[in-house]
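Participant: okay, predicted coordinates and the sequence, questions at the end:
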Amino acid sequence: MIYLDYAATTPLDPRAEAAMAPFARAAFGNPSSLHAAGRAARAALDGARDTVADWLGCSISDVIFTSGGTESDNLALKGAARALRSRGTHVITTAVEHHAVLESCAALTRDGFQVTYLSPDRDGLISPDQVAAALTPETILVSVMMANNEIGTIQPIAEIGRLCRARRVVFHTDAVQAAGELPVRVRELSVDLLTVSAHKLYGPKGVGALYARGGTRLQPLLDGGGQEHERRAGTENVAGIVGFAEALRGMPDADEIARLRARRDRLLDGLLAIPDSRLHGSRSQRLANNANVAFAGVAGETLVLALDLEGIAAGTGAACAAGAVEPSHVIQALGYDRVRAREAVRFSLGRGTTAEEIDRTVEIVRRLVSHLRRHGGAERPTDSDGCAA
Ligand code: PLP
């Protein structure tokens, strides 16, 4: 199989797997227990927290371990908004966030909060000026993702962070996709809340963290024990957290990212040489591993399924929306219509991607696109650029 869906999830790093094994078996103690088995689990948890805090450049007490990116986003959005309700009820986010943020905002709206959704430009970028213009005296929280999961565009988080800090508005960023490539040193980003997820970083699934700057008020989502400094009840996933910390040792350096970018560019050049193919999102302000392309007249789902039959794993966008017929909200937010949004295919590269795989993928996509255009029931003339009216 040629796996080009690293934005959906990554394989577990063998070092992480090895580090986790004892905590799933012999060292199974509950970190809240007082006896030796409990203390051993606590020590492992403390060690992992140290590693994660070091990576984020924060205090250990600012790291809240969660069940992943979705929970961290929910805790950031609902937890902060509900805790700050007496100060105001206005929240700002963007139209291109992951569903974990968008659905948390929908829940806040049902609770009586007002949410402003900023629209990106055609390249998928949000400007700090847009955020500044949307702030009102009622604004308590701003949430802008660091890099988009479908089109890989990178937002100016440090600038938005400084702006929010100056206006004393809590600022959250979903760094789930960005964290594998970009520095997530929270002080340099001026963020109050930051979401990460282990399974996008060659760690295990079902574990993540929320950075919460000291003093940031959060109403917990769960009622229960006092774990995670009373911000996230429930016995910690010790094995998963240990695996998460261990996976961070494999983070790519600048040379590896440059190699990834070179392979991605090779892929993009090959795909964009196919007639009537178009790139979604900025070419320069994007993650090194992301290529999101539409082939006019070919539904993304059809192409992804045809690629699967050829042994190539790609995606149509957000993994959790897979199977749903609803076209990408991200591509539509760029100003394209629903047909164009359904044409989007995401290829996301990772550690294991080779130049040979890229060349083979381009060759197969070229063949399939031409075949599907001839026989697959093109949805529109191939020269239309899919702009929404
Ligand atoms: N946020 C972004 C930007 C993501 O890409 C994802 C996963 O696709 C999530 C949040 C959710 O993370 P998790 O799968 O750990 O719940």
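Facilitator: Right, received. Where do you want to start?
Participant: what residue in the protein comes nearest to the ligand?
Facilitator: Relative to the ligand, the nearest point of the chain is G69 (2.4 Å; CB to the nearest ligand atom). Backbone N, C-alpha and C define where each C-beta goes, glycine included.
Participant: what sits opposite the nearest residue to that residue once chain neighbours are set aside in the beta ladder?
Facilitator: With CB to CB, 6 or more residues apart in numbering as the measure, S197 is the residue that lies nearest to G69, at 3.4 Å, once sequence neighbours are left out. Bridge pairing for S197 (DSSP bridges) gives the partners G208.
Participant: still on that earlier bit, quick one, what contacts the residue of the chain closest to the ligand?
Facilitator: With contacts defined as CB atoms under 8 Å, 6 or more residues apart in numbering, G69 is in contact with H98, A100, D174, V176, T195, V196, S197, K200, G208.
Participant: then L368?
Facilitator: Contact criterion CB under 8 Å, 6+ apart gives L303, A306, L307, E310 as the residues in contact with L368.
Participant: of these, which is the most crowded?
Facilitator: With neighbours set by other CB atoms under 10 Å, the maximum within the contacts of L368 is found at L303, which has 23 neighbours.
Participant: so for the one helix or strand it maps to, mean pLDDT?
Facilitator: Under DSSP states H and E, the secondary-structure element containing L303 is helix 300-309. Per-residue pLDDT values over helix 300-309 give a mean of 96.
Participant: any idea how many residues pack against V207?
Facilitator: A total of 28 residues lie near V207 under the criterion other CB under 10 Å.
Participant: swap in T109?
Facilitator: T109 sits with 12 neighbouring residues when counted by other CB under 10 Å.
Participant: dump the residue contacts of it.
Facilitator: Under the criterion of CB under 8 Å, 6+ apart, the neighbours of T109 are V115.
Participant: which SSE is immediately downstream of the helix or strand where it lies?
Facilitator: T109 belongs to helix 99-110 when elements are defined using DSSP H and E. In the C-terminal direction, the helix or strand that comes right after helix 99-110 (DSSP H and E) is strand 114-118.
Participant: which neighbouring elements make contact with that following strand?
Facilitator: Taking 3 or more CB pairs under 8 Å, 6 or more residues apart in numbering; DSSP states H and E as the contact definition, the neighbouring helices and strands of strand 114-118 are strand 90-94, helix 99-110, helix 128-134.
Participant: give me whichever of these is most buried.
Facilitator: For these, ranked by mean neighbour count under the definition mean count of other CB atoms under 10 Å, the leader is strand 90-94 at a mean of 24.
Participant: and the average pLDDT for that one is what?
Facilitator: For strand 90-94, the mean pLDDT works out to 98.
Participant: run a quick neighbour tally on the residue nearest to G69.
Facilitator: Counted by other CB under 10 Å, the residues lying close to S197 total 29.
Participant: low-confidence bits of this structure, can you list those?
Facilitator: Across the chain, the ranges flagged by pLDDT under 70 are 317-325, 377-389.
Participant: can you pull out the strands in it?
Facilitator: For the chain, applying DSSP state E gives strands covering 2-3, 63-66, 90-94, 114-118, 139-143, 170-174, 193-197, 208-212, 277-279, 290-295, 312-313, 344-348.
Participant: say whether the ligand is contacted by the longest one.
Facilitator: So the one you mean is strand 290-295. No: under the criterion of CB under 6 Å from any ligand atom, strand 290-295 makes no contact with the ligand; the nearest approach is 11.1 Å.
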